[in-house]
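> Have a look; sequence and predicted model below, questions after that.
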Amino acid sequence: MKIFLTFLFLIISVFGDNESFSKSKKELRKIHRDHQVTFYCGCKYNYTNKDNMIDRNSCGYVPRNEYTKKGKKNERARRIEWEHIIPAENFGRQFSCWRDGDAQCVNTKGKSYKGRRCCKKVSKEFRIMEADIHNLQPAIGELNADRSNFRFDFELPTTGQYGECKFEVDFKADRARVREELRGVIARTYLYFNKQYDMKISKQEMLKYEAWNKMYPSNEWEVERSGRIAKIQGSSNIFILK
C-alpha cells in the first residue's frame, strides 16, 4: 500500500489533480464531439435529443428492458452514460476507506459507512483515479447498469440480448462479453492503470490483457482520443501506439 500511495503522489505532483468525475464527464463531451459513437454497441448518439439520445437504427440496439417493472420508460436505455471500463471497485478495494471505512465516514444517524461513498469523501487519490478520463467510455445507460462491476469474459458475445448489439452479460457468472475489436482498448486501459497507479491485476488477467494488447493494436480513433485526453489531463496511456 505504501508503494501504491507513493505512485499516486508522484502522479498528482506531475500531472495535476483533477479529482472531479463530473468535470471529466464534461471534458469527455468535448473529446467525443466529432466521434459520438457508443463503446459497446457502436451506436450513434446525440446529447441534444432529450427523448432518446441513442440512434437505435444505426446499430440495431434493442433494450433488454424497454420499461421498468413499474411500467415507466427505462430512461437508462435512452441516454448516454460514461462507463468506467475498470470498475471503481477494482481499484477502490486497494484503499482502506473502501475496505474498512474511515472515522470521517459517519452519517447523520451516527452509522459508519465504507466503500465508494467513503473513499470519495476522504481520499483524494481515489477521486483522481475515479476521474481518470482514459478509463471512461460512452455507453448506453442500460448496458452500463447491466455490466455493473463484472469482469470481461474470454468468450465472444452472441447477439440477441440487446438486439443486434454484440454485447452480452452473463448474470450468473458475473461476466460481460464484448465484440472482438474492443478487446485491445480494454486491455490497454487495464495495463495503463496497472502502470500508472500500481493497480493490482491477477496473473491470469494480466496474461489475458497482454495477449489482447498484441492481438488487437490501436486504431486511429483510439490514438486520437488518447492524445486529446493527454492535452487535458496531462497523463498519456503509453500502451496506445500509433
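Yep, it's here.
> Please name the nearest non-neighbouring residue to the spatially most central residue of the chain.
The C-alpha lying nearest the average C-alpha coordinate of the chain belongs to His84 (CA atoms, centre = their mean; 1.4 Å). Leaving aside its chain neighbours, His84 sits nearest to Asn135 (5.6 Å; criterion: CB to CB, 6 or more residues apart in numbering). Where C-beta positions appear, they are placed from N, C-alpha and C, glycine not excepted.
> Same check on Ser148?
Pro87 (7.5 Å).
> Number of residues surrounding that neighbour?
16 (other CB atoms under 10 Å).
> Renumber starting at 740 from here on
Sure, I'll start numbering at 740, so the last one becomes Pro826.
> Surely it and Asn883 touch.
No. Contact criterion CB atoms under 8 Å: Pro826 and Asn883 do not qualify, at 10.4 Å.
> what about the residue nearest to Ser887, distance to Lys789?
Separation of Pro826 from Lys789 (CB to CB, to the nearest Å): 28 Å.
> and what of Leu895?
35 Å.
> same check, this time on Ile824
27 Å.
> okay, the two: which has more neighbours?
Ile824 (21 against 9).
> which residues does that one contact?
By CB atoms under 8 Å, 6 or more residues apart in numbering, Ile824 lies in contact with Asn874, Leu875, Gln876, Val924, Ile925, Thr928, Tyr929.
> show me what contacts the closest residue to Pro802 other than its chain neighbours?
Leaving out its chain neighbours, the residue that sits closest to Pro802 by CB to CB, 6+ apart is Ala816, at 3.8 Å. Counting by CB under 8 Å, 6+ apart, Ala816 makes contact with Ile793, Pro802, Arg803, Asn804, Glu805, Ile879, Gly880, Glu881.
> can you do 7 Å?
Shown in contact with Ala816 (CB atoms under 7 Å, 6 or more residues apart in numbering): Pro802, Asn804, Glu805, Ile879, Gly880, Glu881.
> And Arg922, by the same measure?
With CB under 7 Å, 6+ apart, Arg922 has these contacts: Trp951, Tyr955.
> What residues of the helix or strand that contains it count as buried?
Take DSSP states H and E as the rule and Arg922 turns out to sit in helix 922-936. Under the neighbour-count criterion of 16 or more other CB atoms under 10 Å, helix 922-936 has 922-933, 935-936 buried.
> next one: stretch 798-806
Buried residues in stretch 798-806, defined by neighbour count with 16+ other CB under 10 Å: Cys798, Tyr800, Pro802, Arg803.
> how close does the closest residue to Glu920 other than its chain neighbours get to Arg855?
Residue nearest to Glu920 in three dimensions, not counting chain neighbours: Tyr955, with 6.7 Å by CB to CB, 6+ apart. The gap separating Tyr955 from Arg855 is 30 Å, by CB to CB.
> go on, Lys863?
Noted for Lys863: a distance of 15 Å to Arg855, by CB to CB.
> And the two? Which one has more around it.
Each of Lys863 and Arg855 has its neighbours counted (other CB under 10 Å); Arg855 has more, 17 against 13.
> Wait, the more buried one touches Arg832, no?
No. In this structure, Arg855 is not within contact of Arg832 by CB atoms under 7 Å, at 10.2 Å.
> Moving C-terminal from the worst-scoring helix or strand of the chain on mean pLDDT, which element do we reach first?
Within the chain, no helix or strand scores below helix 741-754, which has a mean of 46 by mean pLDDT, DSSP states H and E. Once helix 741-754 ends, the next helix or strand along the chain (criterion: DSSP H and E) is helix 760-770.
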